[in-house]
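1. Got a sequence here, can you build the structure:
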Amino acid sequence: MPATYDSIASTTLGSNQTTVTFSSISASFTDLVLVANFNNTTSVDMFLRFNGVTTTVYSDTQLYGNGSSAASYRQSNASAGLLDLGAGGFGTALGTTIIQIMNYSNTTTNKTYLTRSSFSALAVGATVGLWRSTAAINEVSIFSSSANAIASGSTFTLYGIKAA
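-> Alright, predicted model coming up:
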């Protein structure tokens with residue numbers, strides 16, 4: 001990683017989990033990057049949530065393709081950001097998702113995020129999302145639609161970017 005990336009926290013799951021949360025995030029960076037290398041125990045929908053907020057303030061648009069077709073998906077006024085490769089969810093293939101959260105500690109603007117996902121056995125995709133809140137982000141959670149669907153051995157690392 002470039003010298004501007006500082007590792008804030010990292011976790012490797014020792015057992016199957018439903019949720020991975022990074023909390024008490026310092027406001028000393030300009031942007032956040034969350035790198036998730038994970039596998040699921042079953043085909044599930046995966047979501048992103050900030051500060052534990054469950055109201056309908058998340059919207060996103062996705063583009064994704066599987067090598068033989070491409071499509072897009074949009075959701076508005078949702079209770080969490082969708083990380084899936086379209087509406088079909090992530091399967092059980094090992095893959096990587098990189099989430100970039102811009103200007104996360106600013107308290108005067110809504111927050112935007114970009115994701116890029118690559119699951120070689122399924123598809124690749126990109127998402128642009130909006131969290132309609134001016135609150136500084138101090139907690140980021142990734143969670144699955146099924147209990148304990150994020151497989152043991154999956155790794156998650158949160159980076160802070162200074163002066164991005």
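
2. C-alpha coordinates for the strand or helix carrying Gln75, CSV please?
-> Element membership of Gln75, judged by DSSP states H and E, is strand 70-78. The C-alpha trace of strand 70-78 is given here as CSV (Å, rounded to 0.1, in the frame of the first residue of the first chain):
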residue,chain,number,x,y,z
ALA,A,70,-23.4,-7.4,-17.8
ALA,A,71,-26.1,-5.7,-15.8
SER,A,72,-26.8,-3.0,-13.3
TYR,A,73,-28.8,-2.7,-10.1
ARG,A,74,-30.1,0.2,-8.1
GLN,A,75,-31.6,0.6,-4.6
SER,A,76,-32.9,3.7,-2.9
ASN,A,77,-34.0,4.5,0.6
ALA,A,78,-32.6,1.2,1.9
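
3. who are the neighbours of that strand, in terms of helices and strands?
-> Contacts defined by 3 or more CB pairs under 8 Å, 6 or more residues apart in numbering; DSSP states H and E place strand 70-78 against strand 58-65. Glycine gets a C-beta too; all of them are placed from N, C-alpha and C.

4. rerun at 10 Å
-> strand 58-65, strand 81-82, strand 123-131 (3 or more CB pairs under 10 Å, 6 or more residues apart in numbering; DSSP states H and E).

5. List the residues that contact Asn39.
-> Residues counted as contacts of Asn39 (CB atoms under 10 Å, 6 or more residues apart in numbering) are 13, 16, 90-95, 119, 149-154.
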